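Asker: coordinates only, no sequence provided:
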């Protein structure tokens with residue numbers, strides 16, 4: 001159970017064996033023929049942080065790894081071409097860095113705005129709950145005396 005495997009509490013899995021095997025290969029557990037999927041429980045021991053860091057289930061790492069490998073290989077090819085004086089595929093201007101700086105600043109501003117909007121929503125909900133509690137206390141005081 002603590003090794004990233006979930007317990008299967010369903011008792012009617014005997015007739016859905018192949019479908020369950022296919023679903024388990026995809027990271028989900030098929031429960032019934034109606035197409036419902038059970039949530040995979042991820043549990044860990046708090047003392048073992050390495051297990052949490054290198055767990056592949058629920059991680060984006062398997063989807064990102066091929067792009068990282070292609071990017072590293074492309075960078076190595078460009079470096080070899082430049083050092084062997086075959087081609088020079090590097091950029092000699094700072095336009096790319098300026099453009100990336102603009103994109104990063106836009107992303108930071110938009111994330112900050114999203115965070116601030118979320119904060120204001122929660123603040124508004126908290127104010128509403130405080131107002132409701134105050135009204136309950138007032139009504140309780142008025143109706144008890």
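Answerer: Thanks, I have it. Keep in mind that this is a model prediction, so the values were computed, not measured.
Asker: rest of the way, CA atoms for contacts and neighbours
Answerer: Noted.
Asker: helix/strand/coil for residue 77?
Answerer: helix (DSSP: H, G, I helix; E, B strand; the rest coil).
Asker: for the protein, which spans come out with low pLDDT?
Answerer: 1-40, 42, 44 (pLDDT under 70).
Asker: repeat that for 50
Answerer: Residue ranges of the chain with pLDDT under 50: 1-17, 19-28, 30.
Asker: would you map the strands across it?
Answerer: 29-30, 37-38 (DSSP state E).
Asker: helices of the chain, start to end?
Answerer: Under the criterion DSSP state H, the chain carries helices at the ranges 17-25, 49-53, 61-83, 95-144.
Asker: let me have those helices in a markdown table, extended by mean neighbour count and distance to residue 43.
Answerer: Converted to a markdown table, these look like this (neighbours: other C-alpha atoms under 10 Å; distance: least, C-alpha to C-alpha, whole Å):
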| stretch | mean neighbour count | distance to residue 43 |
| --- | --- | --- |
| helix 17-25 | 14 | 17 |
| helix 49-53 | 12 | 9 |
| helix 61-83 | 12 | 19 |
| helix 95-144 | 11 | 29 |
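Asker: give me the distance between the residue with the largest distance to the centre of the chain and residue 115.
Answerer: Residue distances from the centre of the chain (C-alpha atoms, centre = their mean) peak at residue 145, which lies 54.0 Å from the mean C-alpha position. Plainly put, residue 145 is 45 Å away from residue 115 if you go by C-alpha to C-alpha, to the nearest Å.
Asker: again, but for residue 121
Answerer: Going from residue 121 to residue 115 by C-alpha to C-alpha gives 10 Å.
Asker: swap in residue 80?
Answerer: With C-alpha to C-alpha as the criterion, residue 80 and residue 115 are 44 Å apart.
Asker: what does residue 74 give?
Answerer: 36 Å.
Asker: what's the answer for residue 68, then?
Answerer: Counting by C-alpha to C-alpha, the gap from residue 68 to residue 115 is 29 Å.
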